[in-house]
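>>> What shape does this take:
(one chain, ligands or ions: 1)
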Amino acid sequence: MLTFEDVRVTRGDFTLSADLAIETGARIAILGPSGAGKSTLLALVGGFLTPDSGRITWGGTDITDLTPSERPVATIFQDNNLFPHLTVTRNVGLGLRPNGRLSADDRARVADALRDVGLAGMGDRKPGDLSGGQQSRVALARAGLQDKPILLLDEAFSALGPALKSEMIDLVLRLAQARDLTLLMITHDPDDARRLKGQTIVVADGRAHQPQDTDALLADPPPALGAYLAG
Ligand SMILES: Nc1ncnc2c1ncn2[C@@H]1O[C@H](COP(=O)(O)OP(=O)(O)OP(=O)(O)O)[C@@H](O)[C@H]1O
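Presented below is the predicted three-dimensional model:
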């Protein structure tokens, strides 16, 4: 279980509070108005931001003060964070070896990871020689090799068209299922949230709320979410 216990963090004149629990293996969408604190919530999980008070635990262990690399967390960002001068194999290999040195065995694992995301044989290309959807697959393969139990998606596929985005979400779901990953995905699209077939955390009015069943929530959204979805 991932828990936020009376967490508060302030950025400029904005404060986010969170007191919630996420089951291991949950598939969580994060929905809320622009500027409400969705990325702030993920940054707290990923360790890119430290709370001013409260604590964050995973499996009962306090992870509040761990650095991002020490945390049980992999993140895929909107721009995929690929290095343009490195081949696809080297980019993905960074998930396995942050120093970039790949053994023959590592290369075989990278090739397997590329095959799993539908990029078999593309390891020698540079990211610039791939489509947007393929670049997202590279980022997913790299995140998968980090072998962390929590996967964060910060509007990771929002630059893709609707069909490609759905394809990527389904691919993430397959990976999550195979490895019992706990998934947290920021989105502005309620259809993405529905596609996860899980729960949603609403972030609004300075608060990240307890996860709720997505279908039930979207059928009868609270005022802050309803206004945002209607707008
Ligand atoms: N580095 C920073 N310094 C000061 N304030 C910040 C900083 N980063 C974010 N904020 C503020 O924190 C609030 C929450 O930002 P955050 O990026 O978490 O929102 P969001 O819900 O992810 O928004 P969006 O949907 O537009 O990406 C905003 O009011 C933003 O202006």
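
>>> Which pLDDT value goes with Gly100?
According to the prediction, Gly100 has pLDDT 88.

>>> likewise Ala227?
Ala227 carries a pLDDT value of 83.

>>> do Ala120 as well
At Ala120, pLDDT is 95.

>>> pretty sure it is touching Ala113, no?
No - in this structure, Ala120 is not within contact of Ala113 by CB atoms under 8 Å, at 10.3 Å. (C-beta placed from N, C-alpha, C; glycine too.)

>>> Using the three-state scheme, assign the closest residue to Arg97 other than its chain neighbours.
Nearest residue to Arg97 in three dimensions, chain neighbours excluded: Asp106, at 6.1 Å (CB to CB, 6 or more residues apart in numbering). The local conformation at Asp106, judged by DSSP: H, G, I helix; E, B strand; the rest coil, is helix.

>>> Could you pull up the residues touching Asp106?
When contacts are counted by CB atoms under 8 Å, 6 or more residues apart in numbering, Asp106 touches Gly93, Leu96, Arg97.

>>> Helix or strand next in line after the lengthiest helix in the chain, which one?
When the chain is parsed with DSSP state H, its longest helix is helix 162-179. Using DSSP states H and E, the helix or strand that follows helix 162-179 in sequence is strand 182-186.

>>> Can you tell me what sits against the next helix-or-strand element following that next one?
Proceeding N to C from strand 182-186, the next assigned helix or strand is helix 190-195, under DSSP H and E. With contacts defined as CB under 8 Å, 6+ apart, helix 190-195 is touched by 29, 31, 162, 165-166, 169-170, 173, 185, 187, 200, 214-215, 218, 229.

>>> cutoff 10 Å now
For helix 190-195, contacts defined as CB atoms under 10 Å, 6 or more residues apart in numbering pick out 27-31, 153, 155, 157-158, 162, 165-166, 168-170, 172-173, 185-187, 189, 199-201, 214-215, 217-218, 221, 225, 228-229.
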